[in-house]
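Novice: Sequence first, then the predicted structure, then my questions.
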Amino acid sequence: MSAPLAGRRVLVTAGPTFEDLDPVRFLGNRSSGKMGFAIAAAAQRAGADVVLVAGPVHLPAPEGVQRIDVRSAAQMHDAVFAALPADVYIGAAAVADFTPAHIASSKIKKQPGDDGLQLRLVRTRDILADVALATPRPTLVVGFAAETDAVDEHARAKRIAKRVDLIAANRVGIDGSGFEGDDNTLHVHGADGHVQLGPAPKTEIADQLVALIAARLQQDPR
Ligand code: CTP
């Protein structure tokens with residue numbers, strides 16, 4: 001079996017993050033973690049030493065992969081920076097962009113006459129953008145973008161804004177399609193253009209993405 005990533009350390013994030021509001025409630029999202037877990041498994045099969053930082057999902061860790069479980073975006077940021085340096089960073093997690101300004105220490109109760117609840121949310125730190133500025137920087141930093149429209153335009157803009165090497169974009173429907181299923185189509189944008197992977201099962205897309213990453217590492221060993 002060929003091992004194009006032998007001797008390389010690959011750090012992958014996967015799944016959603018849960019941002020707690022109080023001891024019983026949280027803000028989450030529809031990410032299943034399947035794409036990120038499939039990428040971690042594919043990188044491991046390609047010979048890499050793989051660390052998988054996973055948000056709350058019920059998926060078994062791929063064999064031979066070091067898994068670190070986290071819940072919130074802040075915890076994911078800490079776990080990623082503790083696991084660096086790496087040759088490749090693949091940010092497949094759907095990290096919350098906003099988190100409650102305060103976590104209530106006891107359950108938030110409705111009061112008689114309340115007709116609504118105001119929540120104050122604050123921005124989370126952008127893990128992907130921070131990794132792209134880390135020293136030493138991974139040779140390849142790969143981000144994901146889930147878009148409902150203008151997929152390629154948003155992907156191009158995101159790649160430049162976050163200073164990453166590749167952005168793998170996929171279309172999501174307002175019903176969550178593209179997030180929860182077993183199949184996917186990825187539009188992978190680099191500085192030199194873009195390629196489409198799939199439609200195909202997420203496991204196959206993961207192998208194709210890992211092959212593309214391995215080819216780039218070989219071209220540009222730095
Ligand atoms: N990401 C991250 N840390 C955050 C937010 C996002 O690392 N706090 C990463 C994700 O892991 C993914 C990419 O950034 O690789 C997604 O970018 P983002 O701008 O969050 O995408 P959207 O949520 O689709 O952005 P927007 O809401 O602007 O469409």
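Specialist: Everything's here; your move. Numbers count the residues shown, from 1 in each chain.
Novice: quick one, strands of this structure?
Specialist: Remark: strands assigned in the chain by DSSP state E are 9-14, 19-20, 26-27, 49-54, 66-69, 88-91, 98-100, 121-123, 140-147, 166-171, 183-190, 193-201.
Novice: okay if I get the ones you listed as CSV plus mean neighbour count?
Specialist: Glycine gets a C-beta too; all of them are placed from N, C-alpha and C. Converted to CSV, the strands of the chain look like this (neighbours: other Cβ atoms under 10 Å):
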stretch, mean neighbour count
strand 9-14, 28
strand 19-20, 20
strand 26-27, 18
strand 49-54, 25
strand 66-69, 16
strand 88-91, 28
strand 98-100, 18
strand 121-123, 11
strand 140-147, 23
strand 166-171, 23
strand 183-190, 20
strand 193-201, 14
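Novice: surely K107 meets L21?
Specialist: No: counting by Cβ atoms under 8 Å, K107 sits too far from L21 to count as a contact (9.5 Å).
Novice: Please say which of the two ends up with more neighbours.
Specialist: The neighbour count for K107 versus L21, taken as other Cβ atoms under 10 Å, is higher for L21 (19 against 10).
Novice: Tell me the spacing between that one and the ligand.
Specialist: L21 is 18 Å from the ligand, where distance means Cβ to the nearest ligand atom, to the nearest Å.
Novice: Quick check: closest non-adjacent residue to that residue.
Specialist: Distance criterion Cβ to Cβ, 6 or more residues apart in numbering; nearest residue to L21, sequence neighbours excluded, is P100 at 5.3 Å.
Novice: near the ligand, anything from the lengthiest helix in the chain?
Specialist: Counting by DSSP state H, the longest helix found in the chain is helix 202-219. No: counting by Cβ under 6 Å from any ligand atom, the ligand has no neighbours in helix 202-219; the shortest distance is 12.9 Å.
Novice: right, and P56 touches G15 too?
Specialist: Yes: P56 is within contact range of G15, at 6.5 Å (criterion: Cβ under 8 Å).
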